[in-house]
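Coordinates only, no sequence provided:
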């Protein structure tokens, strides 16, 4: 079975603290994604990575950074949290089959609910 | 960017009823997926369906790419079908997987 594991299900932080959210997948997928989900706004893409050490900005990258040092691991970093970063953070991964077909079927982790006070 | 519109936004069904959820998108895509988010927040991939028709048990999906819409059919609904259904679309770029744009979702509640 496909498995995407996020390090923390629930976090509570104070404004200005650093937050490190980790995501690990065991499927040897090339692509990994970080989304945030907010009521009324749906899922919005923060960053994605299509290879080790590669990263691309999504639609709302401001206030976030990412790291992908190993293929199976994609980390989201909030250097100095603010209250407007209170949200559900979702990690996902997908496989791209080069030369055969492009799949991109997305598999999600369980989510990390962050509250910033 | 691509716009994704889902309808209806909310739906209440009696157990055993059938329903159709719709996803319209504003540009040509080669990646379309349907997801179910359960009440605990977990998103499960239901279908990868950039075109054509697929069936999985009581669920089926059809995408008419030329007319830029997709439909998700739920037959004989059960209370466990409750949750939010998302449609997501995108263009797959060679070796880059491609990012998906999500619709706002349809919130389904199935009553016993």
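Perfect, thanks for sending it. Since the structure is predicted, the reported quantities are computational estimates derived from the model, not experimental observations.

How about the residues of chain A by chain B?
Selection of chain A residues close to chain B by Cβ under 8 Å from any Cβ of the partner chain yields A:30-31, A:33, A:35, A:40, A:42-45, A:48, A:50-51, A:56, A:58-59, A:88, A:90, A:92, A:94-96, A:98, A:102-108, A:110-111, A:113. C-betas here are computed from N, CA, C, even on glycine.

Show me which of these are buried.
A:30-31, A:33, A:35, A:42-43, A:45, A:48, A:50, A:58, A:90, A:92, A:94-96, A:102-108, A:111, A:113 (16 or more other Cβ atoms under 10 Å in any protein chain shown).

The helix or strand of chain B with the lowest mean pLDDT near chain A anywhere?
When the helices and strands of chain B are scored by mean pLDDT, DSSP states H and E, strand B:101-102 comes last with a mean of 91. Yes: judged by Cβ under 8 Å from any Cβ, strand B:101-102 comes into contact with chain A at B:101, B:102.

other SSEs contacting the very next helix or strand once past that strand?
Where DSSP states H and E defines the elements, the next helix or strand beyond strand B:101-102 is strand B:106-111. The contact analysis (3 or more Cβ pairs under 8 Å, 6 or more residues apart in numbering or on different chains; DSSP states H and E) places strand B:106-111 against strand B:10-14, strand B:19-25, strand B:83-90.

What strands flank the last one, and is each parallel or antiparallel?
Right, strand B:83-90. According to DSSP bridges, strand B:83-90 forms sheet pairs with strand B:31-37 (antiparallel), strand B:101-102 (antiparallel), strand B:106-111 (antiparallel).

what's in contact with it?
A:42-43, A:104, A:106, B:2, B:4, B:6, B:21, B:23, B:25, B:29-39, B:43, B:46, B:70, B:72, B:98-103, B:105-108 (Cβ atoms under 8 Å, 6 or more residues apart in numbering or on different chains).

so what's the closest residue to chain B within chain A bridging to?
Residue nearest to chain B within chain A: residue A:31 (3.3 Å; Cβ to the nearest Cβ). With DSSP bridges applied, residue A:31 shows beta-bridge pairing to residue A:94.

so who does it touch?
Applying Cβ under 8 Å, 6+ apart, the residues near residue A:31 are A:48, A:49, A:50, A:93, A:94, A:95, A:96, A:104, B:96, B:97.

May I have the residues that are in contact with residue A:25?
Shown in contact with residue A:25 (Cβ under 8 Å, 6+ apart): A:2, A:3, A:4, A:5, A:32, A:72, A:74, A:93, A:107.

where does chain B dip in pLDDT?
Applying pLDDT under 70 to chain B flags residues B:92-98.

at 90 what do you get?
B:1-2, B:28-31, B:39-41, B:90-101 (pLDDT under 90).

The helices and strands packed on strand B:106-111 into CSV, with extra columns for mean neighbour count?
Below are these laid out as CSV (neighbours: other Cβ atoms under 10 Å in any protein chain shown):
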stretch, mean neighbour count
strand B:10-14, 13
strand B:19-25, 19
strand B:83-90, 25
